[in-house]
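> Predicted coordinates and the sequence they were generated for:
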Amino acid sequence: MNITIIRNANIYAPEKLGIKDLLVCNGKIIMVDEKIELTSVSHSKIDAGGMIVTPGFIDQHMHIIGAGGKSGYFSITPEVQPSELIRCGTTTVVGLLGTDGITKELTTLYAKCKSLEQYGIGAYMLTSYFAVPPKTIMNSVAEDMLFIDKIIGCKVAISDERCSFPTKEELLRLINQVHTGGLTSGKGGVLHIHLGALPSRMQLLLEIAREYPTLVKHISPTHVGRTAALFEEAVEFALLGGMIDITTGGTKYDEPYKILLHGLEKGVPIDRMTFSSDGNAGMSKKDPETGELVFYKAPLHLNLQQVQKLVKEGGLPLEEALRPVTTNPAKNMTLRTKGRVAPDCDADFCLFDNELNLQGVIAGGVEWMRRGQLVKVGNFETL
């Protein structure tokens, strides 16, 4: 039995709780109290020293096994390593496929989720990829959710030149699959929808939301900050009760924290907006001197950066700024033990100094970062 007491933690759960002690056992939070003492049980101690302790961050859209190449086979991106997640405070990820459901396999994605889980990092996945009919491991989306532990929903794309242009009826059938699969498995069920730059934007989703309001909770549109016009439609979707996901990497019409603040000004509650990175997707740019394409991986750290900017430049209280990367994605993806510092939740924490510099990370009760430096890495990595 692995027992740890974390002392003198200035806890944002994400609500501000003040200075408390945390009792952690086998990767779970057992108690949050003013002062915790254990006299007859062997345990370890971590002194937070008054640092801010928050839930570990959730990134609900990441290419953890890499993404398909946009410029030939040599542009396919490699998989994510555990230390890359830890460096930006991400302790839970939802992995998915993108345009490529051929060279990138769902079985490989599943194996990567299980690998991260063995490190104590929360890892889940969406079945299928951009296209319809969906690609699955079992015979259907619902069966994937029922019989494969890590699968919590399905991915599809609309309004993108690379998508298969699904109809409203096809989207409704996919929503039915995640709904019924989620009911029986207890996973909730979500259809995570990539939004491209075509003029159709998210009109199909707005039609569904108006006609079938009880289904809105199963619809998760992402990349809603791609253009200003798209975000205005996303605001309407959120005001109909939906959750909208602002991508911190990739194409966007303004800085993501400013887009979120614009949503607040339009009346969208903070608990209906999330951040995700789209991290580890393949990116390229031209070298200004040679004109050649230079390839790089989409960054993973921008969720952290945008939370910091929400507080420092946007003036949002920390307890509110944390929600798009903690409680909100946990609710959206029905991750019941994630996103909060509370008894029975997973022992995933970020530790910050008063300037919101990331100083420590604990995932599944295991300390990975201390005083801003990694103290643990994954296999095939070096400190």
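Received it, and whenever you're ready, just let me know what you need.
> Only alpha carbons, please: show the helix or strand bottoming out on mean pLDDT in the chain as PDB.
Least confident helix or strand of the chain, by mean pLDDT, DSSP states H and E, is strand 282-286 with a mean of 80. Taking C-alpha atoms only, strand 282-286 is exported to PDB below (Å, rounded to 0.1, in the frame of the first residue of the first chain):
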ATOM      1  CA  GLY A 282       2.000  17.300 -37.900                       C
ATOM      2  CA  MET A 283       2.800  20.900 -38.700                       C
ATOM      3  CA  SER A 284       5.000  22.500 -41.400                       C
ATOM      4  CA  LYS A 285       6.300  25.900 -42.400                       C
ATOM      5  CA  LYS A 286       8.600  27.200 -45.100                       C
END
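> Beyond that strand, next helix or strand please.
Counting by DSSP states H and E, the next helix or strand C-terminal to strand 282-286 is strand 293-297.
> Pull out the buried positions in that following strand.
With burial defined by 16 or more other CB atoms under 10 Å, the residues of strand 293-297 counted as buried are K297. For the C-beta atoms, the positions are set from N, CA and C on the backbone; glycine is no exception.
> which helices and strands does it pack with?
strand 282-286 (3 or more CB pairs under 8 Å, 6 or more residues apart in numbering; DSSP states H and E).
> need the contact list for the closest residue to K376 other than its chain neighbours.
Among residues not flanking K376 along the chain, W368 sits closest, at 4.7 Å (CB to CB, 6 or more residues apart in numbering). With contact taken as CB atoms under 8 Å, 6 or more residues apart in numbering, W368 is in contact with P82, S83, I86, V361, I362, L374, V375, K376.
> Need these in CSV (columns: neighbour count).
Compiled in CSV, the contacts of W368 are given as follows (neighbours: other CB atoms under 10 Å):
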residue, neighbour count
P82, 23
S83, 17
I86, 26
V361, 26
I362, 26
L374, 16
V375, 14
K376, 18
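> Report the two of the residues you listed separated the most.
Farthest pair in the contacts of W368 (CB to CB) is S83 and I362. Separation: 14.3 Å.
> in the stretch 51-200 of the chain, which spans are helices?
Secondary structure of the stretch 51-200 of the chain by DSSP state H, counting those that start in this stretch: the helices cover 82-86, 106-118, 141-147, 168-185.
> Please identify which of these is closest to L293.
Evaluated over the helices of the stretch 51-200 of the chain, closeness to L293 peaks at helix 82-86, with 23.0 Å, by CB to CB.
> C-terminal to the strand or helix carrying V32, which secondary structure element comes first?
In this structure, V32 sits in strand 28-33 according to DSSP H and E. Where DSSP H and E defines the elements, the next helix or strand beyond strand 28-33 is strand 44-47.
> Which residues outside that following strand are in contact with it?
When contacts are defined by CB under 8 Å, 6+ apart, strand 44-47 is touched by residues I3, T4, I5, I6, R7, N8, I362, E367.
> Residue most distant from the centroid, the protein?
S40 (39.4 Å; CA atoms, centre = their mean).
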